[in-house]
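Novice: give me a model of this one.
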Amino acid sequence: MGEPMLNRADLAAFLRSRRDRVRPTDVGLSEGERRRTPGLRRQEVAQLAGMSVDYYIRLEQGRGPRPSRQILAALTRALMLTTDEREYLFRVAGENPEPTGGPNREVPTAIRSLIDSMPETPAYVLDAKYDILAANRLATFFVGDYAARPADERNVIRWMFRQPEDDGSWADPDMLRFARTSVADLRAAYARYPADPGIAELVTELLGTSPRFAEMWAEHDVEVRRGVRKRVEHPRIGPLEFECQVLHIQDSDQRLIVYCADPGSPTQAAFRRLAREMADQPR
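Specialist: So this is what the prediction gives:
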């Protein structure tokens, strides 16, 4: 097979179609009242991809220069392309796509600083497989001392589906929705990283050990995780209720999970009390 050729017309049409498909809320933007189309604006794609608006507009108009591999990778992330879509993008741009590796496990320094700067809000970072990569001190009340566990015991989805089928938490609609969207997000990662043995092994394991996971996996839902309301009965501090916000870290395909308590709520008071206790303890 010869080298792919740059096809500016197909590249432009593909970029326009993918931009129209991505909803602003998919990438953490507001819908806005004056938005004329359901998809992203050109300037929003340019901002997400870290390029000038003029450069992106020229690509969509079929008159831009041949984009570099770095530009194509940035557009892949900004437009949330699947593995097949990524390969197509590279080929119409005249490039052979590089094999997609596994999930990025290197947490950006800025993200580590961010979660540590929120002492009264539990926050932690997951990779695309749902392995915990980093957590602030308050989050350890919910995810435990993840760093002391073996690598294969740091996976949130594995924890979730190891709960017995008759566990009362499965009767909670919010818990079920959380589980279902997590499985759908894992399926999206499964497609993005087809050569990653860790994701494949996790899916194979859970298909064999959890009928509930197998049922959800068989539904073939594909969805990038968004926020959900959670109610938790914590063994030490009692009932808690908060928004579990999922913020996507575009450059590393990681998720920043933040437990946001309502202002003035008992949960906020409990978070603050725990934070004060932890501040008095040596690290």
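
Novice: just the helices in the stretch 101-250 of the chain please.
Specialist: 109-116, 140-143, 156-161, 173-192, 197-209, 211-218 (DSSP state H, counting those that start in this stretch).

Novice: show me the shaky parts of the stretch 51-200 of the chain.
Specialist: By pLDDT under 70, the weakly predicted segments of the stretch 51-200 of the chain are 98-100.

Novice: for Q250, find the nearest of the helices of the stretch 101-250 of the chain.
Specialist: Put simply, out of the helices of the stretch 101-250 of the chain the one that sits nearest Q250 is helix 109-116, at 11.4 Å, with distance taken as C-beta to C-beta. Yep, even glycine has a C-beta here, placed from its N, CA and C like the rest.

Novice: Q250: what's it in contact with?
Specialist: V27, L48, R77, A78 (C-beta atoms under 8 Å, 6 or more residues apart in numbering).

Novice: which of these fall in helices?
Specialist: Within these, residues falling in helices by DSSP state H are L48, R77, A78.

Novice: name the nearest residue to the first one, sequence neighbours excluded.
Specialist: Across the structure, with C-beta to C-beta, 6 or more residues apart in numbering as the measure, the residue nearest L48 apart from its sequence neighbours is A78 (3.7 Å).

Novice: same deal with the second one?
Specialist: The spatially closest residue to R77, leaving aside those adjacent along the chain, is Q250, at 5.1 Å (C-beta to C-beta, 6+ apart).

Novice: pLDDT wise, what is the one you found at?
Specialist: If you check Q250, the pLDDT there is 76.

Novice: likewise for the one 3 residues further on?
Specialist: Listed pLDDT for D253 reads 85.

Novice: need the contact list for it.
Specialist: Per C-beta under 8 Å, 6+ apart, neighbours of D253: R77, P103, N104, D127, A128, A189, R192.

Novice: and those residues, which of them are buried?
Specialist: Buried by 16 or more other C-beta atoms under 10 Å: R77, P103, D127, A128, A189, R192, out of the contacts of D253.
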